[in-house]
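J.: Dropping the sequence and predicted coords here.
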Amino acid sequence: MKIRFGYVSTAITLWDASPAKALTFTRYQQLGEQERAERLLQVTKQNLDHTIRMLHYNIAHEIEVYRMSSSIVPLATHPEVRWDFQSPFRSEWQEIGRLVKKHRLRVSFHPNQFTLFTSDKAKITDNAVIDMEYHYQMLEAVGIEHEGLINIHIGGAYGDKTETIIRFHKNLKKLPAPVKSAMTLENDDKTYNAEETLIACEKETIPFVFDYHHHMANPCEPALEELLPRIFQTWDHIRLLPKIHISSPKTEKEFRSHADFVDLEFILPFLKLLKEVGQNVDFMIEAKAKDQALLRLVEEMSKLRGYKRVSGAAIEIK
């Protein structure tokens, strides 16, 4: 079996390369009308250029899996600002798409924790739809709306998991079908565990992005050996490998917080389980050291017996 590795948003090895430069609404309000437009264009151009830098870095290091920043376009979903961020940067979006397609990169998005469909407040659900549509529009601009995915959590339980999950399925009906087809769900470290998230994925025909660290922080009753085949089956209807989030605790006391790097000992039991299943997967590294954590983990794994490094960011397990 083979594991490919990816990282989140920013290659910290590169100097001043953040693709998430910000323009706050407070600052936006302080500007004149022409300055507002110019500043929106300036920040977005910088974020797109940095995204392109990141893709070239990934290609050079043979990193085939990458999560793009959700903050490429400042104020894209703000009700008083929402603007056309596609037309002015058609060439930049197309260049991103060209690189992704030519080098067969797997890219995705992960909106923040406020993009959820469990709230009993209609405005929160409406805002979640707007945010999901924004991410989908970026996939469309790049030309990968049928390959790129948008990953979210189910959301808070609001004191009643049973009632809330019913509301989740109801609220999800507000999401346009094309956007929903690009959606994945992830198990949470506090509320909806792997079993509960899996049941929701199976009901909605949504791929399940399994997070091992979250599972260890918020386990469920069925053994992981029982769940993994079903988790992988949620990916059967699309042409992509199952994706798994990998990180390790910062400390025993701060177990839910992500460490700078990934502790190989922490994930070894899971690696052994994956080997038994024999399913090719993609790992998204969610460590604070990002690309450096990825490269260190690949190097450490390559020294294990039966683990062979087959590219800059891929391991084959025999």
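T.: Now that the structure is in, tell me what you want to look at.
J.: ok, Gly159 - how many residues close by?
T.: As a burial measure, Gly159 scores 7 neighbours (other CB atoms under 10 Å). Yep, even glycine has a C-beta here, placed from its N, CA and C like the rest.
J.: which phi and psi does it have?
T.: Main-chain dihedrals, Gly159, degrees, to the nearest 10: phi 80, psi -10.
J.: Ok, Arg4 next?
T.: phi -100, psi 150.
J.: and it, how many neighbours does it have?
T.: Applying other CB under 10 Å, we find 22 other residues in the vicinity of Arg4.
J.: Is it bridged to anything, and to what?
T.: On the basis of DSSP bridges, Arg4 is bridged to Asp282, Ala314.
J.: So what's the predicted local confidence for it?
T.: Arg4 is assigned a pLDDT of 98 by the prediction.
J.: Read off the pLDDT value for Leu224.
T.: pLDDT for Leu224: 95.
J.: show me the contacts for Pro19.
T.: Taking CB atoms under 8 Å, 6 or more residues apart in numbering, we find Pro19 in contact with 9-10, 47-48, 50-51, 54, 68-69, 71-72.
J.: What of Val129?
T.: Contacts for Val129 were tallied using CB under 8 Å, 6+ apart; they are 174-176, 179.
J.: Does it lie in a helix or a strand, and which?
T.: Val129 belongs to helix 122-142 when assigned by DSSP states H and E.
J.: buried residues in that helix?
T.: If you call a residue buried by 16 or more other CB atoms under 10 Å, then helix 122-142 has these buried ones: 124-125, 127-129, 131-142.
J.: Pull up the pairing partners for the next helix or strand after that helix, direction included.
T.: Per DSSP H and E, the first helix or strand lying C-terminal to helix 122-142 is strand 149-153. With DSSP bridges as the test, strand 149-153 is paired with strand 106-109 (parallel), strand 183-186 (parallel).
J.: tell me the angle the helix holding Val129 makes with strand 149-153.
T.: Angle, helix 122-142 to strand 149-153, by axes from the mean of the first three to the mean of the last three CA atoms, to 10 degrees: 160 degrees.
J.: Can you tell me the centre-most residue of this protein?
T.: Centroid-nearest residue in the chain, with CA atoms, centre = their mean: His110, separated by 3.8 Å.
J.: hey, what's the nearest residue to that one once chain neighbours are set aside bridged with?
T.: Nearest residue to His110 in three dimensions, chain neighbours excluded: Asn151, at 4.7 Å (CB to CB, 6 or more residues apart in numbering). For Asn151, the beta-bridge partners are Thr184 (DSSP bridges).
J.: I'd say Asn151 and Glu186 touch.
T.: Yes. Applying CB atoms under 8 Å as the test, Asn151 and Glu186 come out as touching, 5.7 Å apart.
J.: Now the element after the helix or strand bottoming out on mean pLDDT in the chain, going C-ward?
T.: Ranked by mean pLDDT, DSSP states H and E, the weakest helix or strand in the chain is helix 25-30, scoring a mean of 91. Downstream of helix 25-30, the first helix or strand assigned by DSSP H and E is helix 33-60.
J.: Flag every buried residue along that next one.
T.: 36, 39-40, 43-44, 47-48, 50-55, 57-59.
J.: go on, stretch 234-243?
T.: Across stretch 234-243, burial judged by 16+ other CB under 10 Å covers 234-235, 238, 241-243.
J.: Stretch 301-317 now?
T.: By neighbour count with 16+ other CB under 10 Å, stretch 301-317 contains the buried residues 301, 307, 312-315, 317.
J.: what does stretch 82-94 give?
T.: In stretch 82-94, the ones that count as buried by 16+ other CB under 10 Å are 83, 85, 89, 92-93.
J.: quick one: pLDDT of the most far-flung residue of the chain relative to its centre?
T.: In terms of distance from the mean C-alpha position of the chain, Gly32 ranks first, at 35.5 Å (CA atoms, centre = their mean). As predicted, Gly32 sits at a pLDDT of 91.
J.: Same question for His110.
T.: Note on His110: pLDDT of 97.
J.: The one 10 residues further on now?
T.: The predicted local confidence for Asp120 comes out at a pLDDT of 94.
J.: Surely it and Lys170 touch.
T.: No. Between Asp120 and Lys170 there is no contact under CB under 8 Å: 10.3 Å.
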